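Novice: give me the fold of what follows.
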Amino acid sequence: MLSANAAFYSAFRDRDVERMLGLWASDHAVACIHPGWQILRGHAQVAASWRAILDNPTAPAVQHRNSQALVIGETAIVTCTEELPEVELAATNVFARERGVWKLVHHQAGPARSRSRSEPDFDPELLN
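Specialist: Here you go, the predicted model:
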């Protein structure tokens, strides 16, 4: 499962549009929320967004770290950190099994809150 997540970031890093699009589900509904973008729903919108990002030569390089997976049956939720040159993002990638292969059904990334080493890992005040 984590290898599917690594393949996503490899395609992202290599700006390989076709490999990226091949990682997304074709039988399931898909959605994507890029930082600062509106919610993208459906294969056409998600594919168009990745083409725009990966075809842009000035798009920043993205590295991922701290990937952790939670598998619930045929669905897996991966959380990780995306590192860009000037910002760190928290990301969630949701995968579903499609014909025995893990495929992306949702990607979302947004700014991560900076945390000093002295701060606790969990702050109940931040919960809704």
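Novice: any low-confidence regions in the protein?
Specialist: 114-128 (pLDDT under 70).
Novice: would you map the strands across it?
Specialist: Counting by DSSP state E, the chain has strands at residues 31-33, 40-41, 63-72, 75-83, 88-98, 101-111.
Novice: take these and write them to TSV, including distance to Val17 and mean neighbour count.
Specialist: C-beta here means a position set from N, CA and C on the backbone, and glycine is covered the same way. Below are the strands of the chain laid out as TSV (distance: least, C-beta to C-beta, whole Å; neighbours: other C-beta atoms under 10 Å):
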stretch	distance to Val17	mean neighbour count
strand 31-33	14	18
strand 40-41	16	16
strand 63-72	18	13
strand 75-83	18	18
strand 88-98	18	19
strand 101-111	14	19
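Novice: isn't Cys80 up against Asn93?
Specialist: Yes: taking contacts as C-beta atoms under 8 Å, Cys80 lies within contact range of Asn93: 7.4 Å.
Novice: what do these two both touch?
Specialist: When contacts are counted by C-beta atoms under 8 Å, 6 or more residues apart in numbering, Cys80 and Asn93 have Asn5 as shared neighbours.
Novice: surely Arg19 meets Tyr9?
Specialist: No: in this structure, Arg19 is not within contact of Tyr9 by C-beta under 8 Å, at 11.3 Å.
Novice: so the two - more neighbours on which side?
Specialist: Tyr9 (18 against 15; other C-beta atoms under 10 Å).
Novice: what bridges to the closest residue in space to the more buried one that isn't next to it in sequence?
Specialist: Distance criterion C-beta to C-beta, 6 or more residues apart in numbering; nearest residue to Tyr9, sequence neighbours excluded, is His64 at 4.4 Å. Going by DSSP bridges, His64 is paired in beta bridges with Glu82.
Novice: how about the one 5 residues further on?
Specialist: Taking DSSP bridges as the rule, Ala69 bridges to Val78.
Novice: quick one: contacts for it?
Specialist: Contacts of Ala69 (C-beta under 8 Å, 6+ apart): Met1, Leu2, Asn5, Ala76, Ile77, Val78.
Novice: gap between it and Ala47?
Specialist: Counting by C-beta to C-beta, to the nearest Å, the separation of Ala69 from Ala47 is 25 Å.
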